[in-house]
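> What would the 3D arrangement of this be:
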Amino acid sequence: MMNRRYKPTKEEKDAIDRFEEMLRSGEHTFMDVQVFEQIIHIYIENGKMKKALKVCEVAVEQHPYSSDILISYAQLLVRKGKTEKATEILDRAEMFNPNDIDVVILRANILANQNLFEDAINLLEQAMPLVEDKDDIYFAMGMTFQDWGKYDMAIEAYKKSVELNLHHEEALYELAYCLDLTGMLEQSISYYQKFIDEDPFSYQAWYNLGVVYFKLDQYAQAVDAYEYAIAINDDFSSAYFNLGNCYLALENYNKAIESFVRTLELEEASEETCCSLAICYEKTGNMGKAIEYYRQATKINQEYHEAWFGVGRCLDEQDRSFEAIHFLKKATKLDKENAIYWFALANAEYKTGNVVSAIEAYEEANRLDAYNWEIWQNWSYVLYEQGDYEKAIDLIISAIDELPDQAELYYIATAYHIADGRYREAFNYLENGLILDFEKHTMLFEFFPNQETQKALFKIIDQYRKDNV
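As a prediction, the model looks like this:
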């Protein structure tokens, strides 16, 4: 499920401030179980697992007999892969609350993490008659089957969970994921529609119908579904965020901006929302605003390479390539295997006259994506501009060997051969380019601004056209 950042209330912020001040001062202030639970929930919702664990450690010291705190602690330990410690904590929690559903589900999670899937399912089935919230048991079974790779059985378990609780958001989302994975997503529209017919005011059902439509690239229908969800629940931040993504896909950037801004009003700013807003502003040509939101994303999460790349791309677009290099380098450090980042860095390096650095970056981009003809083009053009026609020709011939159906490469090869005075070879490449895509021949004229050369080329191309009509 897409993680949305929870926006704490003033009371919750005060509780967090009190806890963090307690850690800074080293003085242990007594806090209620409910306050600790609030703080743990906020940290988990905002992906701050390390801090959430610290809260649990302090809370367990102050409230050693609280099964709720112990269960929260065990949940986090399971996420961290510390199953032995988690099992020890669960044993303590079970002593104080023997029939707690969360204890059963966590024990099943631990078994599943050890690939003991059948044992996990058996444990959940045994617990079924003993618990009231059977939708959560079915959801846990669905997750276990999903991890096991048994998607059909996961789908059935998720369906049972949803039938018992139409508002089980996670079950609805995971159901859509499994249906998508098994190629049954389109058939599921009627399934979600059935729930809407039963309860037209279920904003979760409308929301998940929107998720299905979006996954099917039916963006207009997804917009309608998300707007129904928002009409029912005007504070539904995830629906606003997904609505923004729909408008982004439909290239309605102003509407997308409205949706993302509303998302930020309802929840704590996340790197994902800030980047989405930045993309919209970039698409509308407002580079200043785009840079502002990309930079905000880098402050929220310094490891979010998409944001560093976004800043670099916008600066480069403003002809501030020297400034762009810093951000593009940061993006390549965070995501070393991203050819697009290396390509953008290479282009920026070349614009600032750093030829050696540009060539190195083009080489890396090409290593990562040899099927991007534009990388071959720009890389070879650097050599061509330096007057090293032989190396430029060798490189573009390698590109043609890799991408024999890319017409542009033949026209580039033609230009390089002409520049090197190798007219016979130039004509051969020109003929191949004209065969593959006649219309693209105009790119040749960009290499030769001299009108006489252009006239000569036009005569050859026109003669070819007449001979092949």
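
> drop to CA atoms for contacts and neighbour counts, all remaining ones
Noted.

> Regarding the residue nearest in space to the middle of the chain, what is its secondary structure?
The centroid of the chain falls nearest to residue 272 when counting by Cα atoms, centre = their mean (8.0 Å). Secondary structure, DSSP: H, G, I helix; E, B strand; the rest coil: residue 272 is helix.

> Would you confirm that it contacts residue 297?
Yes - with contact defined as Cα atoms under 8 Å, residue 272 reaches residue 297; the gap is 7.3 Å.

> now the protein, which segments are flagged as low pLDDT?
Applying pLDDT under 70 to the chain picks out residues 1-8, 469.

> domains in it, as residue ranges please.
When the chain is parsed with automatic domain parsing, its domains come out as 1-98, 269-368, 370-469.

> Would you point to the one among those that's packed deepest?
domain 269-368 (a mean of 21; mean count of other Cα atoms under 10 Å).

> picking up where we left off before, ok, the residue nearest to the centre of the chain - contacts?
residue 297 (Cα atoms under 8 Å, 6 or more residues apart in numbering).

> same deal with the one 4 residues further on?
Remark: with contacts taken as Cα under 8 Å, 6+ apart, residue 276 is in contact with 245, 260.

> Now do it against residue 33, distance only.
From residue 276 over to residue 33 the distance is 37 Å, taken as Cα to Cα, to the nearest Å.

> and if you look at residue 376?
62 Å.

> same thing with residue 211?
With Cα to Cα as the criterion, residue 211 and residue 33 are 36 Å apart.

> can you check residue 12 too?
14 Å.

> Once you drop chain neighbours, what's closest to residue 222?
In this structure, residue 222 finds its nearest non-sequential neighbour in residue 210, 4.2 Å apart by Cα to Cα, 6 or more residues apart in numbering.

> shouldn't the one you found be in contact with residue 225?
Yes - the pair residue 210 / residue 225 is scored as a contact, 4.9 Å apart, by Cα under 8 Å.

> Who has more neighbours out of these two?
Between residue 210 and residue 225, residue 210 has the larger neighbour count (other Cα atoms under 10 Å), namely 30 against 25.

> Can you tell me the SS state at the more buried one?
helix.

> Pull the contacting residues for it.
221, 222, 223, 224, 225, 226.

> Take those and keep only those in helices.
Using DSSP state H, the members of the contacts of residue 210 that fall in helices are 221, 222, 223, 224, 225, 226.

> I'd assumed residue 204 was in contact with the last one.
If I follow you right, that is residue 226. No - judged on Cα under 8 Å, residue 226 makes no contact with residue 204 at a distance of 9.6 Å.

> So these two - more neighbours on which side?
residue 226 (29 against 24).

> out of the domains of the chain, which comes closest to residue 234?
Nearest to residue 234 among those is domain 1-98 (15.3 Å), distances taken as Cα to Cα.

> Off-centre distance for the closest one?
28 Å (Cα atoms, centre = their mean, to the nearest Å).

> do the same with stretch 254-261
Taking mean C-alpha positions (Cα atoms, centre = their mean), stretch 254-261 and its chain are 19 Å apart.

> what's it in contact with?
240-241, 243-248, 273, 276-277, 280-281.

> Ok, stretch 167-174 next?
For stretch 167-174, using Cα under 8 Å, 6+ apart, the contacting residues are 1, 135, 139, 158, 159, 161, 162, 202, 204, 205, 208, 211.

> what's the answer for stretch 348-366, then?
By Cα under 8 Å, 6+ apart, stretch 348-366 touches 316, 321-322, 324-325, 338-343, 345-347, 372, 375-376, 378-379, 382.

> coming back round to it: same list, the domains of the chain, but as TSV with distance to residue 233 please.
Putting these into TSV (distance: least, Cα to Cα, whole Å) gives the following:
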stretch	distance to residue 233
domain 1-98	16
domain 269-368	20
domain 370-469	45
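
> For residue 147, which of the ones you listed is the nearest?
domain 1-98 (14.5 Å).

> would you list the ones in helices among the contacts of residue 210 in JSON lines and tack on distance to residue 441?
Below are these laid out as JSON lines (distance: Cα to Cα, whole Å):
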{"residue": "221", "distance to residue 441": "41"}
{"residue": "222", "distance to residue 441": "42"}
{"residue": "223", "distance to residue 441": "42"}
{"residue": "224", "distance to residue 441": "45"}
{"residue": "225", "distance to residue 441": "47"}
{"residue": "226", "distance to residue 441": "46"}
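
> Go through these and say which is closest to residue 110.
residue 226 (36.0 Å).

> Relative to residue 169, how far out is that closest one?
For residue 226 relative to residue 169 (Cα to Cα), the value is 14 Å.

> Kindly report the same for residue 159.
Counting by Cα to Cα, the gap from residue 159 to residue 169 is 12 Å.

> Look at these two and report which has more neighbours.
Between residue 159 and residue 169, counted using other Cα under 10 Å, the more crowded position is residue 159 (21 against 16).

> secondary structure element for the more buried one?
Here residue 159 sits within helix 151-164, counting by DSSP states H and E.

> for residue 204, what are its contacts?
Residue 204 neighbours (Cα under 8 Å, 6+ apart): 166, 167, 169, 229.

> ah, wrong one, I meant residue 15
Residue 15 neighbours (Cα under 8 Å, 6+ apart): 35, 39.

> what does residue 340 give?
residue 365.

> what's the answer for residue 38, then?
residue 12.

> going forward can the numbers begin at 57, since that is how I track them
All set: I'll call the first residue 57, so the last point we hit is now residue 94.

> Tell me how far it lies from residue 468.
With Cα to Cα as the criterion, residue 94 and residue 468 are 63 Å apart.

> Likewise for residue 86?
Residue 86 is 74 Å from residue 468, by Cα to Cα.

> just residue 304 next, same as before
Taking Cα to Cα, one finds residue 304 at 35 Å from residue 468.

> now swap in residue 283 and tell me
Residue 283 is 49 Å from residue 468, by Cα to Cα.

> same check, this time on residue 290
Counting by Cα to Cα, the gap from residue 290 to residue 468 is 55 Å.

> for residue 410, same thing?
For residue 410, the distance to residue 468 - Cα to Cα - is 23 Å.

> host element of residue 84?
Assigned by DSSP H and E, residue 84 falls outside every helix and strand.

> wait, residue 139 sits on residue 166?
Yes - between residue 139 and residue 166 there is a contact under Cα under 8 Å: 6.3 Å.

> Quick check: which element contains residue 318?
Judged by DSSP H and E, residue 318 forms part of helix 309-322.

> mind exporting that helix as PDB, just the C-alpha atoms?
Extracted as PDB, the C-alpha positions of helix 309-322 are listed here (Å, rounded to 0.1, in the frame of the first residue of the first chain):
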ATOM      1  CA  TYR A 309      -1.300  19.700 -14.500                       C
ATOM      2  CA  ASN A 310      -3.300  22.500 -12.900                       C
ATOM      3  CA  LYS A 311      -5.900  20.100 -11.600                       C
ATOM      4  CA  ALA A 312      -3.000  17.800 -10.400                       C
ATOM      5  CA  ILE A 313      -1.400  20.700  -8.500                       C
ATOM      6  CA  GLU A 314      -4.800  21.400  -6.700                       C
ATOM      7  CA  SER A 315      -5.000  17.700  -5.700                       C
ATOM      8  CA  PHE A 316      -1.400  17.500  -4.400                       C
ATOM      9  CA  VAL A 317      -1.700  20.800  -2.500                       C
ATOM     10  CA  ARG A 318      -4.800  19.500  -0.800                       C
ATOM     11  CA  THR A 319      -2.900  16.400   0.100                       C
ATOM     12  CA  LEU A 320      -0.200  18.500   1.800                       C
ATOM     13  CA  GLU A 321      -3.000  20.300   3.700                       C
ATOM     14  CA  LEU A 322      -4.300  17.000   5.100                       C
END
